[in-house]
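Asks: The amino acid sequence is not available; the structure is as follows:
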């Protein structure tokens, strides 16, 4: 600590001789000017480098924002494609008349006779419609009737057997009552 006090007392502002400093500066005017030019050039290089770094950071920030936007656009495109694939995988639409025709064709293919048919009614359930149809039928044997019911359940359309009841007549024919519904998803 004592050394610092000595150092402070040796280098005080009172001990500075301004005449000697101005004389030294005037004698070495060219050297001082060159030194000032070099220091100014170095300062200018530092300022330019900092400005360049700030611009580079700004460009990198813009690039990362654009990459985020690009990823969001790609994710949106994938979602749109997935939604289109989902919509295309939905069962085909079917109206009341086509439903009755479809059931009639299944009946003909399996020797089922439809004796009476209740009109098809459609109910809007918001996201989908339900079409209900009921009918009475007869069939020569249980085997043909089961194939008929299996065709309805395995149809490419979303059909469901809601209820079925039947009995065997004295002549061997099976008489039954069936209620079928179809679901139509709005798209």
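Replies: Looks like it came in fine. Given the structure is predicted, the values throughout are model-derived calculations rather than measurements.
Asks: how about residue 154, phi and psi?
Replies: Geometry field for residue 154 lists phi and psi as phi -100, psi 10, criterion degrees, to the nearest 10.
Asks: Next one: it from residue 148, what distance?
Replies: Distance check for residue 154 against residue 148: by Cβ to Cβ, to the nearest Å, it reads 11 Å. The C-beta positions use only the backbone N, C-alpha and C, and glycine is treated the same way.
Asks: now swap in residue 69 and tell me
Replies: Going from residue 69 to residue 148 by Cβ to Cβ gives 57 Å.
Asks: okay, these two: which has more neighbours?
Replies: Neighbour count, other Cβ atoms under 10 Å: between residue 69 and residue 148, residue 148 has more, with 21 against 10.
Asks: mind listing the strands for this protein?
Replies: Using DSSP state E, the strands found in the chain span residues 112-124, 128-139, 159-168, 174-185.
Asks: mind showing which ranges of the chain have poor pLDDT?
Replies: Scanning the chain for pLDDT under 70 picks out 1-16, 90-92, 187.
Asks: residue contacts, the residue most central in space within it?
Replies: By Cα atoms, centre = their mean, the chain has its centre lying nearest to residue 79, at 3.9 Å. Contacts of residue 79 were listed using Cβ atoms under 8 Å, 6 or more residues apart in numbering, and none were found.
Asks: returning to what we had before: which one of the strands of the chain lies closest to residue 86?
Replies: Among the strands of the chain, strand 174-185 comes nearest to residue 86, with 10.3 Å by Cβ to Cβ.
Asks: Sheet partners, orientation included, of that closest one?
Replies: Applying DSSP bridges to the sheet, strand 174-185 is found paired with strand 128-139 (antiparallel), strand 159-168 (antiparallel).
Asks: In a markdown table: the ones you listed, plus distance to residue 84 and mean neighbour count.
Replies: Output for the strands paired with strand 174-185, formatted as a markdown table (distance: least, Cβ to Cβ, whole Å; neighbours: other Cβ atoms under 10 Å):
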| stretch | distance to residue 84 | mean neighbour count |
| --- | --- | --- |
| strand 128-139 | 19 | 18 |
| strand 159-168 | 25 | 13 |
